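Peer 1: Make a model of this:
(one chain, ligands or ions: 1)
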Amino acid sequence: MLKSIKGIFTNKDIVSLSQFDQQSVMKLFKEVMKIKKTSPKKLFKNLQGKIATLVFFEPSTRTFSSHASAFKRLGGQTIDHQNPMTTSSAVKGESIEDMTHMLEQYSDIIVMRHPTKGTLEKVAEAATIPVINAGDGVGEHPTQALLDMYTIFEKFKRLKGLKGLMAGDMLNGRTVHSLIKGLSMFPGNTIYLLSPKELRLSREEYKEYSGRGIRLVEIFSTKDIPSDCHFWYWTRVQKERFKDQKVYEKLKLSFILTKKLISEKAAKKTIFMHPLPRVGEIEVSVDDDPRSLYLTTQPKNGMYVRMALFKLILKS
Ligand code: NCD
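Peer 2: Below is the predicted model of the structure:
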């Protein structure tokens, strides 16, 4: 069973946005704001002598580097397994539980990404040290959602009463799953979900999320995007989740964020976000728009949010 945060992060696992409530999100954001104002020299004292093991069974640029940078900026060190299926004893058939028991002998926290939904819950169950889910297949990606929420919060000074658009792969995108859960903790939010029919949320997820109090409106054409969104959250169609690559090819560029679409449907206040990597679904010419945050503010905030998490979880 995953433990709720309830305002206390010490020694807790971060596996799902379901563990959070408003108070915990705000406590984390306060810590982020504090860290942003603190000198690097002072920050470096926080995790001296601590070690994080980063184990990524799936490729990663941002999430891996961001966790490593966050831990090191706080004075800690990392053990890096970026290719465990070729370099660790997982190749020899070692179970994920045994691997976890070994890693906990050497380190103070485990950050893991795995292709199978639910694995991180198993790892957290087995581990005696805290575990952070860095993405479990089509499941969740809680730290990404927290950095996305922080980015929205920083811009609008609130997380309630917002109107947003999420576009791309609602079915397989773990970042959208966590972000919907995250925003559903705050009242009065409406999210438009734009995807091809084949990639809309599973009916179970649609029901589960709607039951959390958020208003979800599924749309299948850019014509139906409302013109007063606070944020647009574009995503990549998740190639690696398709059994039939022909279907992926057909669907991959169903919706592209272009300058033209912005001029037709975005508001002055609308911010443009994407967890990245992008593979054609945002036109490069959009990068220069001051409302585009995916190459700058979002990844930078990601590092600060992870610093705050490490600090709160490991503070003795
Ligand atoms: C995302 C992921 O891995 O889920 N990337 C990330 O961590 N920022 C999104 C994606 O791969 O499309």
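Peer 1: Which residues of the stretch 1-150 of the chain lie near the ligand?
Peer 2: Proximity of the stretch 1-150 of the chain to the ligand, by CB under 6 Å from any ligand atom, involves residues 62-63, 135, 141, 144. C-beta coordinates here come from the backbone N, C-alpha and C atoms, glycine included.
Peer 1: same thing but at 5 Å, please
Peer 2: Those residues of the stretch 1-150 of the chain that sit near the ligand, judged by CB under 5 Å from any ligand atom, are 62-63, 135, 141.
Peer 1: who's in contact with I129?
Peer 2: The contact partners of I129, by CB atoms under 8 Å, 6 or more residues apart in numbering, come to 104, 107-110.
Peer 1: In the residues you listed, which residue is surrounded by the most others?
Peer 2: Comparing the contacts of I129 on neighbour count, I109 comes out first with 28 neighbours (neighbours: other CB atoms under 10 Å).
Peer 1: Restricting to C-alpha, output stretch 253-272 in CSV.
Peer 2: Once non-C-alpha atoms are left out, stretch 253-272 reads as follows in CSV (Å, rounded to 0.1, in the frame of the first residue of the first chain):
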residue,chain,number,x,y,z
LEU,A,253,1.2,13.5,-36.2
SER,A,254,-2.6,13.8,-35.8
PHE,A,255,-2.2,17.1,-34.0
ILE,A,256,0.6,19.5,-34.4
LEU,A,257,1.2,22.7,-32.4
THR,A,258,1.8,25.3,-35.1
LYS,A,259,2.0,29.1,-35.2
LYS,A,260,-1.2,29.0,-37.2
LEU,A,261,-3.0,27.1,-34.5
ILE,A,262,-1.7,29.5,-31.9
SER,A,263,-3.0,32.5,-33.8
GLU,A,264,-6.4,30.8,-34.2
LYS,A,265,-6.9,29.3,-30.7
ALA,A,266,-4.5,30.5,-28.1
ALA,A,267,-5.0,33.4,-25.7
LYS,A,268,-2.4,36.0,-24.7
LYS,A,269,-2.1,34.3,-21.3
THR,A,270,-1.9,30.7,-22.7
ILE,A,271,1.4,29.0,-21.8
PHE,A,272,2.7,26.1,-24.1
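Peer 1: which stretches of the stretch 51-200 of the chain form helices?
Peer 2: Secondary structure of the stretch 51-200 of the chain (DSSP state H, counting those that start in this stretch): helices located at 62-73, 84-87, 96-106, 119-126, 142-156, 174-183.
Peer 1: Just name the most buried of those helices.
Peer 2: Among those, ranked by average contacts under mean count of other CB atoms under 10 Å, first place goes to helix 174-183 (a mean of 26).
Peer 1: And the contacts of that one?
Peer 2: Around helix 174-183, the neighbours that count as contacts under CB under 8 Å, 6+ apart are 16-18, 20, 25, 135-142, 144-146, 148-149, 159, 162, 164, 166, 168-170, 189, 191, 193, 205, 209, 212, 214, 216, 233, 235, 275.
Peer 1: Centroid-wise, who is the farthest residue in the protein?
Peer 2: Distance from the centre of the chain peaks at K92, with 30.7 Å (CA atoms, centre = their mean).
Peer 1: From V111, how far off is the closest residue to H114 other than its chain neighbours?
Peer 2: Of all residues beyond its chain neighbours, the one nearest H114 is F57 (4.7 Å), with distances taken as CB to CB, 6 or more residues apart in numbering. With distances taken as CB to CB, to the nearest Å, F57 is found 12 Å from V111.
Peer 1: which residues sit in contact with the residue nearest to H114?
Peer 2: Remark: with contacts taken as CB under 8 Å, 6+ apart, F57 is in contact with 84-85, 90, 112-115.
Peer 1: Now tabulate those residues in TSV and tack on pLDDT.
Peer 2: Written out in TSV, the entries for the contacts of F57 read as follows (pLDDT from 0 to 100):
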residue	pLDDT
P84	93
M85	85
A90	86
M112	98
R113	98
H114	97
P115	96
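Peer 1: Tell me which other helices or strands the top helix by length along the chain touches.
Peer 2: Within the chain, and with DSSP state H defining each element, the longest helix by residue count is helix 297-314. Counting by 3 or more CB pairs under 8 Å, 6 or more residues apart in numbering; DSSP states H and E, the packing neighbours recorded for helix 297-314 are helix 22-37, helix 62-73, strand 109-114, helix 142-156.
Peer 1: who does the second one touch, helix- and strand-wise?
Peer 2: Which is helix 62-73. For helix 62-73, the packing partners by 3+ CB pairs under 8 Å, 6+ apart come out as strand 51-56, strand 77-81, strand 109-114, strand 131-136, helix 142-156, helix 297-314.
Peer 1: so that helix versus strand 77-81, what angle?
Peer 2: In this structure, helix 62-73 runs at an angle of 150 degrees to strand 77-81, with axes from the mean of the first three to the mean of the last three CA atoms, to 10 degrees as the basis.
Peer 1: Having no further points to raise, I will conclude here.
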